[in-house]
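Enquirer: pasting the sequence and the predicted model now:
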Amino acid sequence: MIAERDELIRSLNARELDQAHALRETASEISRAQNKLYRLATQPEAASRIAEAEVAALALKQTELSESDAALQFLARRLLDAAMVAYEHKNYSSAMSYAAQSGEFIDAIINPARKNPGAQDAVILSFRTPVLLFVTQVGSLRTDPDSHSRVVGLLKKNTSLTATAYHGGWLHVQTEDNLSGWIQNLLVDIQISNRNSEK
């Protein structure tokens, strides 16, 4: 009697483990299917964002740019290239993000509100999509977008930054340790993720 009961308990435990395993497998399948659907759903939007940024970038080629705007144009082009690589690897969410970031820089160049950055009424343009950057050479982080403003800190080469706004050749950035301020856009480059393919 006890042996039969033990055998029944073992059988029920084994069945419970099998069911738990089957549920985990089903959850994994659902998750993979959702990821695939998300990638497919974002493909047209990613293509559209890239095309919009491409058209805007081509229009910029007809314009004579200042040194700081040319640096911003270079960063926009790098982001657009990254968007295309991500798109080719079917990583549509990254492609959209890079294209949107490229658009932020292009908008900053062509926005009429900041054509004369030295003017009293020149505005700071906030980015809708934060842009990941890194420092290319040692540079000062300042309280204001002005080379005579107080230095908040010295940024070492390869320091990671997140840019949130632009003003006349300067980017408002935040470091990973929450230090924020302004840095000249000539001192940074785009931080491109190594993950160019979806899992």
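Expert: Looks like it arrived, so ask away. Please read these numbers as outputs of a predicted model, since none were measured by experiment.
Enquirer: can we go C-alpha only for contacts and neighbour counts from here?
Expert: Noted.
Enquirer: what ranges does this structure have for its strands?
Expert: All strands of the chain, identified by DSSP state E, fall at 125-135, 139-142, 151-155, 160-167, 170-175, 180-184, 188-190.
Enquirer: using JSON lines, lay out the ones you listed together with distance to Val55.
Expert: Listed next are the strands of the chain as JSON lines, based on distance: least, Cα to Cα, whole Å:
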{"stretch": "strand 125-135", "distance to Val55": "19"}
{"stretch": "strand 139-142", "distance to Val55": "33"}
{"stretch": "strand 151-155", "distance to Val55": "35"}
{"stretch": "strand 160-167", "distance to Val55": "22"}
{"stretch": "strand 170-175", "distance to Val55": "24"}
{"stretch": "strand 180-184", "distance to Val55": "26"}
{"stretch": "strand 188-190", "distance to Val55": "21"}
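Enquirer: reformat those strands as a markdown table; add mean pLDDT and mean neighbour count.
Expert: Converted to a markdown table, the strands of the chain look like this (pLDDT from 0 to 100; neighbours: other Cα atoms under 10 Å):
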| stretch | mean pLDDT | mean neighbour count |
| --- | --- | --- |
| strand 125-135 | 89 | 19 |
| strand 139-142 | 95 | 22 |
| strand 151-155 | 94 | 15 |
| strand 160-167 | 92 | 22 |
| strand 170-175 | 94 | 23 |
| strand 180-184 | 95 | 23 |
| strand 188-190 | 94 | 23 |
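Enquirer: and those strands: which comes nearest Leu80?
Expert: The closest of the strands of the chain to Leu80 is strand 188-190. By Cα to Cα, the value is 10.7 Å.
Enquirer: which other helices and strands contact that closest one?
Expert: Under the contact definition 3 or more Cα pairs under 8 Å, 6 or more residues apart in numbering; DSSP states H and E, strand 188-190 sits against helix 67-88, strand 125-135.
Enquirer: now for the strands of the chain, which one comes closest to Leu58?
Expert: So among these, strand 188-190 is nearest, using Cα to Cα, at 19.7 Å.
Enquirer: in its sheet, what does the closest one sit against?
Expert: strand 125-135 (antiparallel) (DSSP bridges).
Enquirer: bridged to the nearest residue in space to Asp144 that is not next to it in sequence, which residues?
Expert: Spatial nearest neighbour of Asp144, excluding adjacent residues (Cα to Cα, 6 or more residues apart in numbering): Trp182 at 5.9 Å. Beta-bridge partners for Trp182, by DSSP bridges, are Arg142, His172.
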